[in-house]
Structures are given as structure tokens and as C-alpha cells.
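In: with the input below, show me the fold.
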Amino acid sequence: MASRWRAATVVLAVSVLASPAWADVVSAPVVTDRTRATLVADDIAAAPGQSVPVALRLQLKPGWHTYWRNPGDSGEPASVTLHVLGSDIAGPQQWPTPERIDIAGIVSYGHHGDVALVTNVPVPPSARPGTVIDITADATWLVCEKVCVPEHGHFTLGLPVTADAKGASTMVDPPLPAAAGLFERTPQAVTVRVPKSVLGDGDGPVREAYLFPERGDLIDHSAPQVLREQGGDIVLALTSAQVDAPAPTELRGILSITRQGPDGKPQDQVFQLTARPTAAAR
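Out: Okay, the predicted model is just below:
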């Protein structure tokens, strides 16, 4: 299943980034032997009072990957600081759906191919149409193949302010459908329970499931995630991380499932999961 998730993620990233309307404003590139990095803004919504997505775009050479917000059992996520109108804005705030990357039994979460890491920049209500907002950014990221190499860049671009928003931004993917569940955590295990009724359309059995938790200190990412169905729920049994991490008040992450479709073919679905503690765990 991991190979299907990986292929779908790369195809989605390339298709979005190839859209002619996507890269209206682009910085000069920072180019290494492994990466072409740019800061990209979509001015389609750059009107006073609007929030404009600005992305650190990493175009990685084949075989190289970078890391998700929770890098898993190895790696480090990218960091971006945008300097806008005298203020610093920390990012990224929005990440693509990650891939599971298994190298010699060490599991990390990351991205291959063309990656957009988005931070939202508010346009002040007082901004005058026809003027330009200067944006600079400092970013660091880690890329890995057989070895890992830290990279960094400084970027500048000018964002033209428009009189009216031209429509929805083409830079940001639609939000993932939300799913709610329950979890219980012990020193040995984390058990996540999600009703099948909240997992969108489809009556076929859930054959595979995988949870990418946003927090990196809750589970052993290299341990198997064991799926079972119980009543009307799917239940994922995870192994607790061997660290003394504070108990979460909620567990958030990306839940990927594969159902058996009516034609017998697998159907993949991805959700933004928010799970709260069971009554016994509170």
C-alpha cells in the first residue's frame, strides 16, 4: 500500500505545481546538486484583507526525499521564516500528505518529487491596490538519499496587491475530509478506534490502514500498525514510543485507508483524523 500512497502523492504534487496559474510570482531559485528551491506566491487572492498562500517549492532530483512535519524515526522537517511588513511569520503551516519511507527498517515520513510547503501571509486591509508587498524568507530543509544533506536558502519576491480577490487560490489543495475517533494510550501501546461510518462513501471492507501522527513522540514509527475491524469500527494497534512524552489531549494525524471496491479493486482514501481520549484514558 505504501507504494500506492507514494505514487499518488507525487502525481498530485506535480499536477498542482504544473498548473499555469499556480506560479504567478516566483523568486530567483536556489539550486544545489540535489534540489531546485524557490519561493512562490499565488497573487490570485492578494487583495486587502485576504490571506495569500506562499510556498517553499522544493523540486528534488529522483531518489532524494525531504521530510514531513513529523519526520518519523529519522530526519528533520523543513523550517521557513517569512519576513513581511516588519513581522516574522513561521512556517510551513500546510504540508502535503506524506509518504512512508522505509530504509533498512527505519521508517520516516516525507516527500519525493515536487513539494510545496505553504505558509499563509495576511495582506493588511490598508494595503493599496497597485502596490507591492516585499517578502523575504529564510528556509532550511534536509534532503536524503543514501546520505542526508542539510540545505538552506534566502529568497525574495514582490507580491502585487490587487483590488479584488480573483477567486480561490490554485496553490492550496482542498482540505482533506475530516474523521473523528477515539484513542487510548498505555506505556506499551496506542490504540486508535475510528467508526467506519465517518470514513466517507464506500461499503467495502477496509483492507489496510496507516496513521501518520502529527506528533513525533507518541509512537514507534518503525513498528507495525496492526489493523482489525471490531463492530462498526476500524481499530489500529500502534506501539508506544519509548520516551516519557506528555499525554496528548487529542491525537491528530493523516489516516490513509484502502477499501475493497465493488469491482474488487483497491480504493484509497485519505482523512484528517482527530481522535480524543477514551473515557477510560482520561
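
In: contacts only, for Q269.
Out: Contacts for Q269 (Cβ atoms under 8 Å, 6 or more residues apart in numbering) come out as P177, L199, G200, G202, S256, I257, T258, R259. No exception for glycine: its C-beta is placed from N, CA and C like everyone else's.

In: host element of it?
Out: Secondary structure from DSSP states H and E places Q269 in strand 266-277.

In: now do the same contact list for the most centrally placed residue in the chain.
Out: The residue lying closest to the centre of the chain (Cα atoms, centre = their mean) is W95, at 2.7 Å. By Cβ under 8 Å, 6+ apart, W95 lies in contact with W68, R69, L117, V118.

In: can I have the buried ones of the contacts of Q269 as a ChimeraX selection?
Out: To isolate the buried members of those in ChimeraX, using 16 or more other Cβ atoms under 10 Å:
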select :199,256,257,258,259
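
In: pLDDT check: weakest of the contacts of Q269?
Out: Least confident of those in the model: G202, at 66.

In: just send the contacts of Q269 back as a markdown table, with distance to G49 and secondary structure too.
Out: What follows is the contacts of Q269, written out as a markdown table (distance: Cβ to Cβ, whole Å; DSSP: H, G, I helix; E, B strand; the rest coil):
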| residue | distance to G49 | secondary structure |
| --- | --- | --- |
| P177 | 29 | coil |
| L199 | 37 | coil |
| G200 | 34 | coil |
| G202 | 40 | coil |
| S256 | 36 | strand |
| I257 | 39 | strand |
| T258 | 42 | strand |
| R259 | 42 | strand |
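
In: residue ranges in the stretch 151-282 of the chain under the pLDDT threshold?
Out: Along the stretch 151-282 of the chain, segments meeting pLDDT under 70 span 167-170, 202-203, 279-282.

In: run through the strands of it in chain order.
Out: Ranges of strands within the stretch 151-282 of the chain are 178-185, 189-195, 206-213, 226-230, 233-239, 251-260, 266-277, based on DSSP state E, counting those that start in this stretch.
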